[in-house]
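Colleague: when you get a sec, could you give me coordinates for this:
(chains A and B)
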Amino acid sequence: GESVGLHLPTLSVQEGDNSIINCAYSNSASDYFIWYKQESGKGPQFIIDIRSNMDKRQGQRVTVLLNKTVKHLSLQIAATQPGDSAVYFCAERRGTGFQKLVFGTGTRLLVSP
Amino acid sequence: GAVVSQHPSRVICKSGTSVKIECRSLDFQATTMFWYRQFPKQSLMLMATSNEGSKATYEQGVEKDKFLINHASLTLSTLTVTSAHPEDSSFYICSARDHLAGGTQYFGPGTRLTVL
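Modeller: Numbering: from 1, shown residues only, chains lettered A, B, ... in the order given. The predicted structure is shown next:
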């Protein structure tokens, strides 16, 4: 079936490095994508989103890139800090009406000082 | 930003008992709330979509008689796990959709359920 998935389950970086977390999706009809950060024992925290009519969006230290041609989404974190260590999920909004989110499998980001 | 709370944050119960989890949107009205379940080291799986004043819509494979959802007001949805068993032990997370903020979903902090 259709799914949203991630290429790398764990990403280890040094403090100060730039991090790139990738996500592949398969539903070409999806019109909205979100990245969430989840720390251990907590709920997901919104990071950044992007609509399908855009290919790039920047936030504070984060950038999301969307390539609809290959159905690929990425999250770039600049100057990664130990506090960025968490599991990152991409989510895809599908359907009309209630517009539920479908989450990817998640990538654990480990930042070493 | 918008805040969603859940209560309790952690609950331990005996097998066969029922547990109610509350989800509240604290500073906005949410006509739609969602309930997710997350097993250790896994992603969030949508269980059901809760709409104020109407019956919830359950995802395939989720037993509606076991996971009772009530959305009686624009700021409160409840999930009741009936006759809980150890396999129901999980992290339950709700989210609330702020339709005035472009439909952004805000997540609660989650409830850790352990069934003995």
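
Colleague: show me the contacts for the residue of chain B at minimum distance from chain A.
Modeller: In chain B, the residue that lies nearest chain A is B:Phe107 (4.0 Å; C-beta to the nearest C-beta). Just so you know, the C-beta spots here come from the backbone N, C-alpha and C atoms, and that holds for glycine as well. Neighbour list for B:Phe107: A:Tyr36, A:Gly43, A:Pro44, A:Gln45, A:Phe46, B:Val4, B:Ile93, B:Cys94, B:Ser95 [criterion: C-beta atoms under 8 Å, 6 or more residues apart in numbering or on different chains].

Colleague: now the buried members of the residues you listed.
Modeller: A:Tyr36, A:Gly43, A:Pro44, A:Phe46, B:Val4, B:Ile93, B:Cys94, B:Ser95 (16 or more other C-beta atoms under 10 Å in any protein chain shown).

Colleague: just the pLDDT at the nearest residue to the third one once chain neighbours are set aside, thanks.
Modeller: Same thing as A:Pro44. Closest residue to A:Pro44 apart from its sequence neighbours, by C-beta to C-beta, 6 or more residues apart in numbering or on different chains: A:Tyr36 at 3.7 Å. pLDDT for A:Tyr36: 95.

Colleague: the helix or strand hosting A:Tyr36: what's the following helix or strand?
Modeller: A:Tyr36 belongs to strand A:32-38 when assigned by DSSP states H and E. Where DSSP H and E defines the elements, the next helix or strand beyond strand A:32-38 is strand A:45-51.

Colleague: for A:Leu108, give its distance to chain B.
Modeller: Let me fix one detail, which is that residue A:108 is Arg and not Leu. 9 Å (C-beta to the nearest C-beta, to the nearest Å).

Colleague: who's in contact with that residue?
Modeller: Contact partners of A:Arg108, counting by C-beta under 8 Å, 6+ apart, are A:Pro9, A:Thr10, A:Leu11, A:Ala86, A:Val87, A:Tyr88.

Colleague: which strand residues bridge the closest residue to the third one other than its chain neighbours?
Modeller: Distances taken as C-beta to C-beta, 6+ apart place A:Leu109 nearest to A:Leu11, at 5.1 Å, with adjacent residues excluded. Beta-bridge partners recorded for A:Leu109 (DSSP bridges): A:Leu11, A:Ala86.
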